[in-house]
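Q: quick one, structure for this:
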Amino acid sequence: MRPTNSCPTAKHKKEISESEYADLCHTCLLFGSPFAAARINVNDLYLAKSKKVVDEYEWSGVVEVRDGVAIDRDSETAKTGLKYDFEVVPATTTFILLMTIENATSEDLQLISIGLNDFMSGFGGIGGKRSRGLGACFLDDLSVSSFDLDRAEEPLRSQQLQSYLLRRTFPVVATGQSFLDEHIQAIFSKTQQEKQPSQQEEQALQKEEPTDVEEASE
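A: Modelled structure (predicted):
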């Protein structure tokens, strides 16, 4: 992946030229920056419907009310009169996550696979007050749907595009874990391939190095 030390965003630049656009890191290109629109879009998370009861949601309908106090960071004590309450949903509440990536590169898919893999493993967290145990979530039943119009030929290309626009159907649907494993493994495969030429060059240099031969004369 492209090193981040050359990224204009990391250098806090206000404007960039067309040539500097190529220096944007993969994170900026995927999630957006002051110089490029994001390729990924994350929809609002809506409550998931129950799989057992029709027209019911995977939510008990209960909202928990918790309290907190503002802390004075200098004295590390509670500030007077700054007690507050906040509402949270129960830990068993289920939401639907929908993410869309347009014109994704292999690096984009690798980056998003690393992030989603944490949530699949139960290590992901979102929102605030995570130090109090909030925001912990587990990603389940992940599936990845995609189509590539650049690789498809006519009339297949038109058929795929029509199916997507009219019925929101995709020609390729992969299970979540297999998709993540494939693209995470591709990161290490690419790293190993990049190291191989350098090792071959070192071996070639060693062969080209002249050896000192001492001749003994009588």
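
Q: contacts and neighbour counts: CA atoms only from here.
A: Will do.

Q: quick check: next helix or strand after the longest strand anywhere in the chain?
A: The residue-count maximum for a strand in the chain (DSSP state E) belongs to strand 77-88. Later in the chain than strand 77-88, the nearest helix or strand by DSSP states H and E is strand 95-96.

Q: just how off-centre is the next helix or strand along the chain from that next one within its chain?
A: Downstream of strand 95-96, the next assigned helix or strand under DSSP H and E is strand 99-101. Computed by C-alpha atoms, centre = their mean, to the nearest Å, the chain-centroid distance of strand 99-101 equals 10 Å.

Q: with stretch 135-151 instead?
A: That offset, for stretch 135-151, works out to 11 Å (C-alpha atoms, centre = their mean).

Q: same deal with stretch 9-29?
A: Distance, centroid of stretch 9-29 to centroid of chain: 19 Å (C-alpha atoms, centre = their mean).

Q: dump that stretch to PDB, restricted to CA.
A: Only the C-alpha atoms of stretch 9-29 are listed here, as PDB (Å, rounded to 0.1, in the frame of the first residue of the first chain):
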ATOM      1  CA  THR A   9      -3.900  15.300   4.000                       C
ATOM      2  CA  ALA A  10      -1.300  14.100   6.500                       C
ATOM      3  CA  LYS A  11       0.800  17.200   5.600                       C
ATOM      4  CA  HIS A  12      -2.200  19.500   6.400                       C
ATOM      5  CA  LYS A  13      -2.200  21.100   3.000                       C
ATOM      6  CA  LYS A  14      -5.100  23.400   2.000                       C
ATOM      7  CA  GLU A  15      -4.800  22.900  -1.700                       C
ATOM      8  CA  ILE A  16      -3.200  20.300  -4.000                       C
ATOM      9  CA  SER A  17      -2.400  20.100  -7.700                       C
ATOM     10  CA  GLU A  18      -3.500  17.300 -10.000                       C
ATOM     11  CA  SER A  19      -0.100  15.700  -9.700                       C
ATOM     12  CA  GLU A  20      -0.400  15.600  -5.900                       C
ATOM     13  CA  TYR A  21      -3.800  13.900  -6.100                       C
ATOM     14  CA  ALA A  22      -1.900  10.700  -7.000                       C
ATOM     15  CA  ASP A  23      -0.100  11.000  -3.600                       C
ATOM     16  CA  LEU A  24      -3.300  10.600  -1.600                       C
ATOM     17  CA  CYS A  25      -3.200   7.600   0.600                       C
ATOM     18  CA  HIS A  26      -5.600   4.700   0.200                       C
ATOM     19  CA  THR A  27      -7.400   5.700   3.400                       C
ATOM     20  CA  CYS A  28      -8.200   9.200   2.000                       C
ATOM     21  CA  LEU A  29      -9.300   7.800  -1.300                       C
END
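
Q: show me which residues of it are buried.
A: Within stretch 9-29, the residues scored as buried using 16 or more other C-alpha atoms under 10 Å are 9, 23-29.

Q: tell me which residues are up against stretch 56-72.
A: Stretch 56-72 is contacted from outside by 47-50, 77-79, 82-90, 92-95, using C-alpha atoms under 8 Å, 6 or more residues apart in numbering.
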